[in-house]
Every structure is written in structure tokens, then in C-alpha cells.
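[1] Structure, please.
(chains A, B and C)
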Amino acid sequence: MRRQFLMIAAFALVYGLIAVFVEHSYYLLILAVVPVWAVMGLAWNLLSGYSGFVSFGHAAFFGLGAYFVALAQIRWGLSPWIGIPCAAVVGAAAGLVVGIPTFRLRGHYFALAMLAYPLALLYVFEWLGYQELALPMQREQGFAYMQFEDHRIYVWLALALMVIAMVITSLVERSRFGMSLLAIREDEAAAEAAGIRTLAWKLKAITLSGALAGAAGGFYAVVLLVVTPPAVFGMLVSAQALIVAMFGGVGTLWGPVIGAIVLVPLSEVLHAQLGNVIPGIQGVVYGVAIVAVILLAPEGVFWKVKDVLQQRRTRAAPAPVHVTAAISAPPPRAASAGAAIVFEVRNASKAFGGLKAVRDVSLQVRQGEILGIIGPNGAGKTTLFNLLNGFIRPDQGSILLQGDDVIGRRPYQLCAAGVGRTFQVVRPFRRMSVLDNVVVGAFVRTSSDAQAREVAQEALAQVGLSEQADQLAGTLTNKQLRLLEIARALAGKPKLLLLDETLAGLGATEVEEVIAAVRKLAAQGITIVIIEHTMQAMVRLVDRFVVLNEGALLAEGLPQAITRDNAVIDAYLGKRWRTANA
Amino acid sequence: MTQFLENFLQALVAGLLTGSIYGLMCVGLSVIFGVMRVINFAHGDFMMLGMYVAYYCFGLLGVQAVFGASAGPYIAALIAGPVIFLAGVLAHRLLISRVTGMRGSALQSEGHYAQLILTLGVALVLQNGGLYVFGSTPVSIATPLASNAWSVGPLYGDRIEVFVNQGQTISAVIAIVVVLAFVALMNRSRLGKSLRAAADNPEAATYMGIDVARAHRLAFGFGVAITAIGGGLLASGISFQPYVGLEYVIVMYAGVVLGGLGSVSGAFLGGLTIGLVQQLSTLFLPNQLQNTAIFVVFLFVVLLRPQGLFGTALRRT
Amino acid sequence: MLEIAGLNAGYGMVPVLNDVSLRVGTGEFAAIVGPNGAGKTTLFKTISGIVKPTAGGIRFDGKDLLAIAPAARAHLGIAHVPEGRQVFPSLTVQENIEMGAYTEAGRRAWKENLEKIHAWFPVLAQRAKALAGALSGGQQQMLAIARGLASSPKLLMLDEPSMGLAPSTADEIFERIVAIHESSGLTVLLVEQRVAEALHFADRGYVLEAGRVVLEGSHDELKSNDRVRQAYLGM
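    Now for the predicted structure:
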């Protein structure tokens, strides 16, 4: 963190010094505009880069900021010194107003809706008669109105704004704020299941992002002295914010800055030199830059370089020593028949269209037991889990967690209430380190980020992944990914852990290792429900079985009894098996 | 009251006529989304290219000389179709295919937005490159029909008279014919069915032996070609410059979303609705706010009924 | 007819298949069984070209399959009936079968194939105009198989045709598959979780676990099925 701030300071110093030696006012203007677009890029990045919700509408915040500063000075004589901070507030408010309805949308729909806001505003401002607003010159009291003879001062002010934006970004990046956004980008459902309040974080992000964009717009008005709707609400503004960030690197502090430093002067100079001969050269440069970045380095220059370096480092690193945890004999399991009921499902049903995925299922989970839910593919096991942790609502029936009806609670609320889960298809946050993956899961139970880290370290140690803590999650093996997901769920200190096909696709020895890890958790008093497709291995793991077939409860009982149950054998191996082996 | 009724009928007619052309343009966009699940931001700019192709065909390439000033603009608009089809196929092969389809899915979460942003880049290049190639002076295809109108009425005593613009009417008829022809192609022909199969499930389509990349390329070509014809039809009614695409891209998106993303007939109805909203809004709102009215309708539809006014929920997630 | 040697494949950095070798002779009915996540579907996808292998080779009818584009493989005579049916929901039943006949061979034999298909699955004739998305699971499975048959394949690959179906429906589907195999002599490669049926009808069986073939043999060899039993029921 400290190093980061030092680098920002050093960069600002160098940039500020360059301005000292520039005389030409046009180049000074470019020097002043670069940080403005860097701020726009940072603003865009704060929302779209970290959370993955791509905005094509940041011009809305920028334009509102610009018009606020201009109008406030014209109408009320308000100085930009106050106007720009107010523009940030306006941008923040706009972000919140836009965010509340628009975050109901995902993917394409979100991007399209965001596109409509600035364009609608553009026409509104034209209609209001603000085709061209000029900021009144204040020769007498230039300083009071942020108007300077010496254009270097604009460069320094722009730089100050950029430093503020960078500091905010780096603070966000290192905190649970940024980590939560990253988790949302990687996999929103998994993030929610890990206890992240996704909507709240997204709203915070768009508010902060709107504030930065509003301030950038306000300052832009001061520098250019003239505000027109196309210049501040136009598509090129939103595009430019996105492009500088994309070019430099999405989801990084330095990406937007790099992008702005390279692209803004390039297009400005080309525009000045060739603008008469080749009109539109500026737009063409941006267009080509986007196309090139998407085709050659879709994650931006920063990530590309980082990935290349990372690969080199991993290749150079010694092969990881494979430590196999000694498999101890399973501890004797306490009989749980008399224990309290932690979790109860009563007559739950869920249909998708005509398909009844879960039909009238009732089951009870007792404190401290390991309950296995088995059934062939398509039996409704995962749907049942999705009901249990709040991803979907049952059509009928009730779900009780320690006696409270929890239907209608969001996954993060259930996570906070002590329900952790893993996924059938492993859903790690691949671009985050193993430790960070688990840290995200720890937020729900911790108030400070340092504490979250501690809890995460413990959780990793519990599943035996401490050595891989700094690796990117994307580089783990299948077994390690399964353990990582367990650790992430563990970091939320669950009372009840839902494991979805944790043993799928593992080799025989790997299965034993994972079973040992799960047993260890059970021994610590965590209640576990595990889904599996086959009974193999499960027989040695669970205390009790529930068998699902075609969405309905087929059988329930102790492992030994279940494997002899004719209905179960039929569902698994077909009637022919029983007749042939009878 | 009669004055309002006359204005209303006049706006209704104008809305239906422009709406038909919007409908055609929306169909083009919707094909691309329906088959490829790609949101093409450059769609308005391919439309702009279509307008210029029609413009130059009409003037420089002698379509006017051969077919006359009345029929010429429509012939020119239809020529724009195949020309832009080739441009679209080329753009897909060189650029868009690299981030979509089977290859795109390998890029995981980043790949999801790659195509959106790529087409944004293409849009910027086309708009601003167009500025250089075509110049910034607005142009338009001159046809006498654009200023001729049939008058309907007098109705209701003799107090109401509604004018129906001849040029727009012919354009609307052509638009509807093109849409019907395309719907027939998609529903009846082997090619159309294979495109729909590739849209439904690209993986299973591959198992059938359908070359999904080719299907996408053709869909992209058809999509931009259809919209280019719409643009060509529009080009005799309005004056345009290289940035014209921006004004229409939102119109098209609004229409397509209204109709339910991916549905061809829904897209036509959506475009029609947008035309009506735009024209009817002039009864209550100042002219400059026409487009704002469209955006507001668009936002409401996206937020309240993302599956579209006419569509059912998408089968594929 | 199909020969797979030393195949390795996976998604991204996660390997799924490990040194898989198997062969299916002309006219043979071969079955691959194994638990979820063992790599059965991945194996099929690799044969069809959706997943690229990292090592090993696949030969079909003497040709190197890996040198052939995925979409072109269907035209060689491979019909892949995918897991979860994957019919085209917005196309009609008839149009779905037409898409199966997208291959040259399928187009030439369209009439005969359609007659046979309608004889095997009369319900598809009755519901020809219905949208495939509106069919029941069992009917969709029949349609998916019909779609495969319409291409006049040399090899029919069936991925878990009983998945998510009621046992009686699954039994019915199974009977049809066996009938089709016996009446037409078509080569069939089946992936199945209903181990008993799969191994009962198959001439050859392979047990896939964690991406490896752990057991293989003829119908008779697999009859001594203790290991299979243990693998599936943990007894």
C-alpha cells in the first residue's frame, strides 16, 4: 500500500515537472486533458473494471458534472472551487439513481440500458436550450474562479484530481470493497453464496464511480470553458472512458492512467496535425485502438505484461512439493440421532416450466451429522441445494434454519446465518490468488480486513492448502480447487456446510484425501450435507443417506440399509441388475 | 378537438410508415443477436454505409439515369443490401469471428464483453473514417415522391384531411416485403433452418454437421444487409452525414428489445412501435424530445419487461 | 471403425482425460460406463471436436479425425446424440430431424430414413409440427436419437440417453436403441450410467474413472462384475 502511494507521488511529481518546461499552450492543454481522461478511465474502471458490469453510459455522469459547474457559475456565480466538489456529489447521486433500477439487469441488457441514459440527457439539454454554454471570464478575480493566465496551473489541478482518483482506487482495490467487486466480476452467484452483499457493493461502486466522473466533467468544463451536449454527453465520452481503461488494463490502478497517457496525446496530436486533411482521425485512432486491444490483448496492456511475467515466474519456480496429508483412520462418529435439528425442509417443490425438478421433498439435518444426498444425474440434487442456500425460491413448502423460516432470504443472508456451500462445477475466482479467494469468504464473519486475512489463512490450513496461498486460483488442480471451495465456505464459519459433488472427477487417492478433510471438519462440529452422484466412497463418509430420484425422495436411512434397498438399486443400476444378480 | 384528431391521424400515419422502415432495420439487428448472441454496436454505422452506397449508386453509378428519379432511389436502396452483405461478411471474418462463437466462449468472463467492445471500436472507425471518405456535409437522395402526398379525406364532415407521403409509403411497402421475404427464408429454406439451429444450440448444430462459424458469418451479413436496405430507404426522406448511425442505433436497440431480443417478427413490431412512439410523441412533446421519448420507453421496457413486449422469456440463458 | 489411442484432453488447465485408449469395431455395440465427472462426456466431445485433445490420436474409418474440422466430422458419418438431449427448442420436430439430415448422405436417404424413424418412434410423426421445446423429456430424447439417425451415420454416439428420465421411459428408449442396433447393424457407442443395461447389451464395455479406463472387456468378461458393483454401490 505504501509502495503504491509512493509510486503515485513519484509519477505525479514527474508529470508535474514536465509541465514546468512546456511553454506552448496547446501542449499544456493536452497535458491538462490527459489526467481528466485518466480520471474518467479510473471512474469507469471502478465500476466496470472491478465488478464486470460494463457501462457504456459514463458520459451521463461526466456531462451532468460539466453542466452543473457551468450552470452554477453562470446562474449563481458559484466558483468551480466549490462547483467541482458539488459536481462530484451530483455525479454520485446520478450514479445511485441510475444504479438502483439498472442493476436489476445483467450482461447485455445492463450495457444497453446504460447507453440510453447519456443519450437521453443529450437531447434534454439541447431542448433546454443549452446548446453551448460558455463560462463567463472573470479577469478580476481569476484565482477565485479557477481561471489562470498560466496554463500550467490547470495541469497541476488536473493532476491533483487524478491523484485523488488514484488514491481512492488503490484504497478500494485493497479493501473488502474492491475484493468483493472482483468476486462479483468473477462469479456473482458464487460471491453471493460466499456472503457478499452484491447489490450493496455494486451500488457503492456506481456511486463512487459517478462522483469521480462528475468531478472530471466539472473540471473539463473549467479547462475548455465551453460546454456543449455532444461534447460531454456524446458517445465518444463514454467510449473514451472505456477505451483508456481497456487499453491500459481493466481492473487495475495503473491501466486507465497508462491508457490515457498513450491514447489521448496520440489522438490529439494526430487531430491537430492531420485533422484538416483527415477529419475524424481522432475517432479512427480510438476505434483502431479498441479493435487492436480486443484482438491482441483483450485484458489490456497491463494484464498482458503481468501474465507474461507471471508465466515466466511460474515456469522458473521449482515444482511444488507434493505433501500428502497422512490419512488417519476416521475418528469414531458420535451417533447423531438424538441431536437437535439444525435444518429442515418441509414438503418443498420446485418446477421449471413443465419440469418438476424437486417434488415434495422433506428432510431433516441434525446437529453434527454428515448427511449424504445421492441420486442419479438429473434427480434434482443441485436444485435442492439452490433452494437450501436461497438461489431460488421453492414453489411450495418451507425451509427452516434452526427453527426460523428462511424462504425469501438472499444467499448472502443465509451465508451470514451460517449456511456455506460449494458448487458442482467448481467456481473459484480464477484471477484472484488462492488466499484472496478465501478472504472473500471471510468478510461475512469479520469486521476488519486484517482479521479476514487471518481467518482465511486458518481456513486454508484446515484443508491443507497453505502452501498454495499465493498461487492464482486458476492454476490449481481439480482436487485443490475442490479444497479451495471448501476453504472459502469455511472462512464464513458456517454451522452448516453444503457440498455439491465435491468428490466428482477425483482419482481414488484424491477421494481419500478429500474425505479425510471433510471428516476433520465434521469432527469440529460443523454439520455437513454432501451431494454425490454415486454411492462409492460416500458409504465411508456419511452417517445417513437421502436418495433422490426424479426430484422426489426415494429412500432415506443408514448407509448399509440404503445399499440394499431395491428401489435404490433399480434407480442406479436398472432392474436388470437385480434380476441378473438375484 | 378535430384539429387534435387530424394531428393524431397524421402522426399515426407517419408513425406507421417510418415504423415499418424502423421495423426492417430492427429485424436486421435482431438476426445478428438471435443467431450469434452478439450485440452489434456498429449496426447503425453499417446502416450509414448502406445509405451512402444507395446515395452513390443513385447519383454516380447511374441508377438515376437508368431508372429515373422516382424508381431509382428504391433500386439504389435494394442494391445497398448485397453490397453491405459482403462488407458484413468480411467484417465478421476478419474481426468479429475472433471474439465470438465457439472461440469466444473459451475466453470466459472477459470474452463476454469482448464482442460488445470490439463492435464499439468498429463503430468509431466507420463513423470517423466515413467523415474522411464521405465528408461531413449532409446529403440526401432527391426524389420527387418524397414531397408528394396522397390526401385522404376530407373525412368527418370535411374538417379532417390526412396526407400520406408517397415516397414513405413506397418505402414502407418495400420494407414489409423485404421482411416477409426474409422471414420466409428463415422459416422455409434449409439455410434459414440451419441458421436457426445454430442459434438455438451451436454445439448441437456442430454435431449435425452445420458449420457454426459460417452460419454466424452469414447471419451477420444478412443482418447488416437488411438494415442497410432500411437505411437506403430512409436516405430519400432525410438528409444524413457519417454520424447518422448514432441516432438510429438506439432506435434499433429500443425496437429490438421491445420485440424481445432475438425474435425476428417481434423486432419488426418493436420497430413499428418505436416509429409510432416517436411520431405520436410530437403531439405532446417538443420535437427535440422525440428521441428522449424513445429512450424513456426503451428504459422502461428494459427495466420492467426485459423479455420484450411481444416476446416470451428467452429459452437459452 | 473408431480407434482412440493415448488420448489426453481437458478444459483450460484442468485435465479430464488421461491416456484413454479404446476401439469400436464395425457393427459393434460398445458401452462406456463410469461415475459422474469421470470424463465420459468430455471423451465424446473430443471425438466430435468440441474439445481439443492435448495428446493422443483418434482415427475414424482409417482417417485421422483430429485433422478434420468439427463440423465436417458429422459428414464423415459420426452422429453424436449429446448429453441432455440438446434438441433445437425453437424448431419443430420435423425441422429438427431435417437438421439431422444436414449431411450429404442424410439428404440422399432422407425418405427412407424418415420412414424408418417414424416406424421406430411413431410419436415423432404424430408431433411433427410441434416445437421441440414443447416435448416431454422422453420425446426429446427420441427426437435427439432420430436426429442422429437422419444423418445416415456409420457410428451412432449416445451420451446418457436415460438421463433424467423416468425408469419406464428409460427402459423404452433402451429397447429402441437395441432394436435399432439389431435391425440396422449400426455401430453404436454408448455412454450410460445405468450400468446394468449398458453392459448387458454391449459387446464391449469400458469403465472410465477419473479420466482413465480402469476396466475393459467383452460382455462376458464384464459379467464377473464384482468390481463394477463395488464401483457403483460401494459394497
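[2] for the nearest residue in space to B:V244 that is not next to it in sequence, what are its contacts?
    Spatial nearest neighbour of B:V244, excluding adjacent residues (CB to CB, 6 or more residues apart in numbering or on different chains): B:M48 at 5.2 Å. Glycine gets a C-beta too; all of them are placed from N, C-alpha and C. Counting by CB atoms under 8 Å, 6 or more residues apart in numbering or on different chains, B:M48 makes contact with B:126-127, B:130, B:231, B:240, B:242-245.
[3] A:L236 versus B:M48, what's the distance?
    16 Å (CB to CB, to the nearest Å).
[4] With A:A450 instead?
    Distance check for A:A450 against A:L236: by CB to CB, it reads 43 Å.
[5] The top helix by length along chain C: how far from the chain's middle?
    Taking DSSP state H as the criterion, chain C has its longest helix at helix C:167-184. Counting by CA atoms, centre = their mean, to the nearest Å, helix C:167-184 is centred 13 Å from the centre of its parent chain.
[6] do the same with stretch B:255-273
    Distance, stretch centre to chain centre, for stretch B:255-273: 10 Å (CA atoms, centre = their mean).
[7] which other residues reach that stretch?
    Contacts for stretch B:255-273 (CB under 8 Å, 6+ apart): A:108-109, A:112, B:16, B:19-27, B:29-31, B:33-34, B:37, B:179, B:182-183, B:186, B:199, B:251-252, B:254, B:274, B:297-298, B:301-302, B:306-312, B:314.
[8] Of those residues, which qualify as buried by neighbour count?
    For these, a neighbour count by 16 or more other CB atoms under 10 Å in any protein chain shown gives the buried set as A:108-109, A:112, B:16, B:19-27, B:29-31, B:33-34, B:37, B:179, B:182, B:186, B:199, B:251-252, B:254, B:274, B:297-298, B:301-302, B:306, B:308-311.
[9] in the stretch 101-250 of chain B, which spans are helices?
    Along the stretch 101-250 of chain B, counting by DSSP state H, counting those that start in this stretch, helices occupy B:101-105, B:108-134, B:166-188, B:190-200, B:202-207, B:212-234, B:244-259.
[10] Could you dump the ones you listed into a markdown table with mean pLDDT added?
    Output for these, formatted as a markdown table (pLDDT from 0 to 100):
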| stretch | mean pLDDT |
| --- | --- |
| helix B:101-105 | 44 |
| helix B:108-134 | 79 |
| helix B:166-188 | 93 |
| helix B:190-200 | 92 |
| helix B:202-207 | 92 |
| helix B:212-234 | 94 |
| helix B:244-259 | 84 |
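[11] re earlier: can the longest helix of chain C be found next to chain A?
    Yes. Shown here: helix C:167-184 in contact with chain A (CB under 8 Å from any CB of the partner chain) through C:167, C:170-171.
[12] Neighbour-wise, which one of those residues leads?
    Neighbour tally across the residues of helix C:167-184 next to chain A (other CB atoms under 10 Å in any protein chain shown): the maximum, 23 neighbours, falls on C:A170.
[13] excluding its backbone neighbours, what's nearest that residue?
    Distance criterion CB to CB, 6+ apart; nearest residue to C:A170, sequence neighbours excluded, is C:S162 at 3.7 Å.
[14] Verify the contact between the one you found and C:E192 for me.
    Yes. With contact defined as CB atoms under 8 Å, C:S162 reaches C:E192; the gap is 6.6 Å.
[15] C:S21 against C:L2, yeah?
    No. Checked against CB under 8 Å, the pair C:S21 and C:L2 is beyond contact range at 11.4 Å.
[16] Output the contacting helices and strands for the helix or strand where C:Q94 lies.
    Per DSSP states H and E, C:Q94 falls inside helix C:93-100. Judged by 3 or more CB pairs under 8 Å, 6 or more residues apart in numbering or on different chains; DSSP states H and E, helix C:93-100 is in contact with helix B:190-200, helix C:137-149.
[17] distance between the last one and the chain's centre?
    Spelled out, it's helix C:137-149. 12 Å.
[18] what about it and chain A, touching?
    Yes. Using CB under 8 Å from any CB, helix C:137-149 comes into contact with chain A via C:G137.
[19] hmm, who's touching that helix?
    Contacts to helix C:137-149, defined as CB under 8 Å, 6+ apart, come from residues A:355, B:207-208, C:79-82, C:85-87, C:93, C:96-97, C:99-100, C:113, C:116-117, C:120-121, C:123-124, C:127, C:132, C:135, C:156-158, C:161, C:164-166, C:169, C:172-173, C:176-177, C:180.
[20] Could you identify the helix or strand that succeeds it?
    As assigned by DSSP H and E, the chain's next helix or strand after helix C:137-149 is strand C:155-159.
[21] between that following strand and helix C:167-184, how big is the angle?
    Counting by axes from the mean of the first three to the mean of the last three CA atoms, to 10 degrees, strand C:155-159 lies at 170 degrees to helix C:167-184.
[22] residues of stretch A:409-417 that come out buried?
    Residues of stretch A:409-417 classed as buried: A:409-415, A:417 (neighbour count, 16+ other CB under 10 Å).
[23] And A:A450 and A:L236? Which one has more around it.
    Remark: of A:A450 and A:L236, A:L236 carries more neighbours, 18 against 9, as counted by other CB under 10 Å.
[24] The residue nearest to that one when sequence neighbours are not counted - how many residues pack around it?
    Excluding the flanking residues, the one nearest A:L236 by CB to CB, 6+ apart is A:G283, at 6.7 Å. By other CB under 10 Å, the residues close to A:G283 number 27.
[25] Work out for me the element A:G283 sits within.
    Using DSSP H and E, the element containing A:G283 is helix A:281-296.
[26] Which strands or helices does whichever helix or strand comes after that helix pack on?
    Next in sequence after helix A:281-296, counting helices and strands by DSSP H and E, comes helix A:300-316. Counting contacts by 3+ CB pairs under 8 Å, 6+ apart, helix A:300-316 packs against helix A:235-248, helix A:254-274.
[27] Tell me which of those sits nearest to B:A65.
    For B:A65, the closest of the helices and strands packed on helix A:300-316 is helix A:254-274, at 36.7 Å, according to CB to CB.
[28] That closest one versus helix B:108-134: what angle between them?
    Using the same axes, to 10 degrees: helix A:254-274 against helix B:108-134 is 10 degrees.
[29] List the contacts of helix A:254-274.
    By CB under 8 Å, 6+ apart, the surrounding residues in contact with helix A:254-274 are A:11, A:26, A:30, A:33-35, A:37-38, A:40-42, A:44-45, A:49, A:162, A:166, A:243-249, A:281-282, A:285-286, A:289, A:300-303.
[30] Give me the buried entries from those.
    Using 16+ other CB under 10 Å as the burial test, the contacts of helix A:254-274 include A:11, A:30, A:33-35, A:37-38, A:40-42, A:44-45, A:49, A:162, A:166, A:243-249, A:281-282, A:285-286, A:289, A:300-303 as buried.
[31] before we move on, back to that, for the residue nearest to C:A170, give me phi and psi.
    phi -90, psi 0 (degrees, to the nearest 10).
[32] next one: C:L165
    Backbone torsions of C:L165, given as degrees, to the nearest 10, read phi -100, psi 150.
[33] Contact partners for it?
    By CB under 8 Å, 6+ apart, the contact list for C:L165 reads A:378, C:137-138, C:141, C:173.
[34] could you dump those residues to TSV with neighbour count?
    What follows is those, written out as TSV (neighbours: other CB atoms under 10 Å in any protein chain shown):
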residue	neighbour count
A:G378	22
C:G137	19
C:G138	20
C:Q141	28
C:I173	20
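[35] The residue nearest to C:A170: neighbour count?
    C:S162: 26 surrounding residues under other CB under 10 Å.
[36] for it, what are its contacts?
    Residues near C:S162 by CB under 8 Å, 6+ apart: C:170, C:173-174, C:192-194, C:197.
[37] Good, we can wrap up now.
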